[in-house]
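Colleague: can't give you the sequence, but here's the structure:
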C-alpha cells in the first residue's frame with residue numbers, strides 16, 4: 001500500500017500511487033514557498049472506532065512518499081501520468097482549514113462558515 005511517512009512514521013490512511021504522485025508534486029511546491037498544510041485521513045482509534053485525523057505537514061519535517069511498485073500478482077505497476085488540474089486541486093485544498101483529503105469517504109470534522 002502506498003504510504004506517506006512524516007518523521008519516519010507512516011501516516012494512517014489508504015493512498016493510491018495516483019494520489020501520492022500528485023500530492024508529492026503539490027507538496028514540493030508548497031514546501032518551496034515555506035508553507036505547510038493539513039493532510040486529513042481516517043483510521044481506527046485505539047477502541048476500533050473510525051476517526052478523522054488531520055496531520056500537519058511542514059517543510060521542517062522529514063516527509064517521504066512510498067509508492068507501490070508491484071501489483072498483487074507480482075507484476076510491475078505503471079508510472080502515473082501527472083494531471084495539472086489534479087495538482088491544482090490539491091494545491092487549492094492546501095489553503096483550506098481542512099486541508100487535503102487523503103482518504104475516500106472522509107468525514108470532515110467541521111465546515112467553513114459563511
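Modeller: Thanks, I have the structure now. Every value quoted in this text rests on a predicted model; they were computed, and no experiment measured them.
Colleague: what residues are up against the spatially most central residue of the chain?
Modeller: Centroid check for the chain by Cα atoms, centre = their mean gives residue 102 as the closest residue, at 4.4 Å. Counting by Cβ atoms under 8 Å, 6 or more residues apart in numbering, residue 102 makes contact with 4, 11, 13, 15, 19, 23, 39, 40, 41. The C-beta positions use only the backbone N, C-alpha and C, and glycine is treated the same way.
Colleague: mind running it again at 6 Å?
Modeller: 13, 39, 41 (Cβ atoms under 6 Å, 6 or more residues apart in numbering).
Colleague: for the lengthiest helix in the chain, packing partners?
Modeller: The longest helix of the chain (DSSP state H) is helix 17-32. Helix 17-32 is packed against helix 84-93, with contacts defined by 3 or more Cβ pairs under 6 Å, 6 or more residues apart in numbering; DSSP states H and E.
Colleague: can you check what angle separates the helix it packs on from helix 17-32?
Modeller: 50 degrees (axes from the mean of the first three to the mean of the last three Cα atoms, to 10 degrees).
Colleague: next helix or strand past helix 84-93?
Modeller: Downstream of helix 84-93, the next assigned helix or strand under DSSP states H and E is strand 100-101.
Colleague: now that next one: average pLDDT?
Modeller: The pLDDT scores in strand 100-101 average 90.
Colleague: what's the offset of that strand from the middle of its chain?
Modeller: With Cα atoms, centre = their mean, to the nearest Å as the basis, strand 100-101 stands 6 Å off its chain's centre.
Colleague: that one pairs with which strands, and in what direction?
Modeller: strand 37-44 (parallel) (DSSP bridges).
Colleague: any buried residues in the strand it pairs with, and which?
Modeller: Going by neighbour count (16 or more other Cβ atoms under 10 Å), the buried part of strand 37-44 is 37, 38, 39, 40, 41, 42.
Colleague: next one: stretch 50-63
Modeller: Those would be 53, 54, 55, 57, 63, for stretch 50-63 by 16+ other Cβ under 10 Å.
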